[in-house]
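Colleague: Next one to model:
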Amino acid sequence: MSKKIVFMGTPEFAVPSLKELKNSDYEILTVYSQPASKANRGQKLTKSEVEITSEKLSLNLRTPLLLDNDQEYNFLKSIKPEIVVVVAYGKIIPKRFLNIPKFGFINVHASLLPKWRGAAPMQRSIMNLDHETGITIMKIVEELDAGPIIHQDKIKINENVDTLSLSKLLSQLGAKSLIKAMNKIFNGDTSFQEQNHKEATYAKKISKEEAKINWNNSAKTILAKINGLNPNPGAWFKYKNQRYKVWKANMANTSGNPGTIVDKMLTIACKDQSIKILEIQKEGKSRQQIDQFLLGNNIKIGESID
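Modeller: Sure, this is the predicted structure:
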């Protein structure tokens, strides 16, 4: 049986899946990725990690600005893929595309669906203090992340995991899960299970305003926000009218009025215990370990943090 596939993905998260497919007995007809974009303040065009990897692997590559047009539709029909694999591509797949491949489009999603459908499943899982998460391989349908499931793998997580480290874990797990699902499909096992839509929860994108730390919350909740929003968009607070992004922190047993500095190491009281800042970044500056930061900043016990 031919195993002709198309791959769609953009960030680092998608790279292990692409490599795993390349190292297996699947023929990758072409790879789709988001076009190069301007990164940071330099405004220099930066290629996606999937584009960089595709070039290294000598794979055919397409980076259309818009996917929903006749040119891309006709191209995809002409190459006749058996299946299209989507891993964090970043574009909605047009409805008319879904029936082109024999086995449809399948997606690698970083949660245990139907929990955490949407754009920020890893962040929401950590912020929600979930004890487990995982990978779901499901068929793409018109409704977002609502398609039937062919495979899931679970992992345990604890309160110290952040989104950066979880993303690395799940990207590797996702690649392994994808191959298991692909093997099932090409071996004739198409036993997709419908999701229980009544149990669906949604992982909406994190806004900058939502990322602000509320010191009236518990230390556990605040630490989950800091970890869940590392690296992006970053949990933050205001001190002396300056915004500070918190990269790393842990809980401390000291207490005080929520939002007040309780020691000279920038430990901040919250509802129950306190949060000890370990790594911080002042707006417009580079990130710093807390001891480096304190050398150039006069922190006073009892001052309020917004």
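
Colleague: distance of T254 from M265?
Modeller: As judged by CB to CB, to the nearest Å, T254 and M265 stand 10 Å apart. To be clear about C-beta, it is placed using only N, CA and C from the backbone, and glycine gets the same treatment.

Colleague: err, N257, not the other one
Modeller: 18 Å.

Colleague: And the two? Which one has more around it.
Modeller: Each of N257 and M265 has its neighbours counted (other CB atoms under 10 Å); M265 has more, 14 against 11.

Colleague: Please give me every residue in contact with that one.
Modeller: By CB atoms under 8 Å, 6 or more residues apart in numbering, the residues touching M265 are 276-277, 290, 294.

Colleague: My guess is S125 contacts G118. True?
Modeller: No - when contacts are counted by CB atoms under 8 Å, S125 is not listed as touching G118 (11.6 Å).

Colleague: These two - which one has more neighbours?
Modeller: S125 (28 against 16).

Colleague: check contacts around the more buried one.
Modeller: 111, 115-116, 133, 157, 166, 203, 228.

Colleague: How about the secondary structure of it?
Modeller: helix (DSSP: H, G, I helix; E, B strand; the rest coil).

Colleague: Do you know the pLDDT at it?
Modeller: Looking at S125, its pLDDT is 98.

Colleague: Endpoints of stretch 84-92, how far apart?
Modeller: In stretch 84-92, first residue to last residue: 13 Å (CA to CA, to the nearest Å).

Colleague: Provide the contact partners of that stretch at residue level.
Modeller: Defining contact as CB under 8 Å, 6+ apart, one finds that stretch 84-92 is touched by 5-11, 13-14, 17-18, 21, 32-34, 67, 76, 93, 97, 100-101, 104-108, 140, 174, 178, 182.

Colleague: Tell me which residues of it come out buried.
Modeller: 84-89, 91 (16 or more other CB atoms under 10 Å).

Colleague: circling back: tabulate the contacts of S125 (JSON lines), appending distance to I261.
Modeller: Listed next are the contacts of S125 as JSON lines, based on distance: CB to CB, whole Å:
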{"residue": "S111", "distance to I261": "37"}
{"residue": "K115", "distance to I261": "37"}
{"residue": "W116", "distance to I261": "35"}
{"residue": "T133", "distance to I261": "34"}
{"residue": "I157", "distance to I261": "31"}
{"residue": "L166", "distance to I261": "30"}
{"residue": "A203", "distance to I261": "33"}
{"residue": "G228", "distance to I261": "24"}
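
Colleague: Which of these fall within strands?
Modeller: T133 (DSSP state E).

Colleague: would a markdown table of the contacts of S125 with distance to K240 and neighbour count be doable?
Modeller: Listed next are the contacts of S125 as a markdown table, based on distance: CB to CB, whole Å; neighbours: other CB atoms under 10 Å:
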| residue | distance to K240 | neighbour count |
| --- | --- | --- |
| S111 | 39 | 24 |
| K115 | 40 | 21 |
| W116 | 37 | 26 |
| T133 | 38 | 25 |
| I157 | 35 | 21 |
| L166 | 33 | 22 |
| A203 | 34 | 21 |
| G228 | 26 | 23 |
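
Colleague: Columns pLDDT and distance to E27 on top of the contacts of S125, output as a markdown table?
Modeller: As requested, the contacts of S125 are exported to a markdown table (pLDDT from 0 to 100; distance: CB to CB, whole Å):
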| residue | pLDDT | distance to E27 |
| --- | --- | --- |
| S111 | 98 | 30 |
| K115 | 98 | 34 |
| W116 | 98 | 33 |
| T133 | 98 | 32 |
| I157 | 96 | 36 |
| L166 | 98 | 32 |
| A203 | 97 | 34 |
| G228 | 98 | 39 |
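
Colleague: Out of the contacts of S125, list just those in helices.
Modeller: Among the contacts of S125, DSSP state H puts 166, 228 in helices.

Colleague: Closest to L144 out of the contacts of S125?
Modeller: Nearest to L144 among these: A203, at 10.4 Å, using CB to CB.

Colleague: Contacts only, for the closest one.
Modeller: Residues near A203 by CB under 8 Å, 6+ apart: 111, 116-121, 123-125.

Colleague: repeat that with 6 Å
Modeller: Counting by CB atoms under 6 Å, 6 or more residues apart in numbering, A203 makes contact with 116, 118, 120-121, 124.

Colleague: This completes my enquiry, with thanks.
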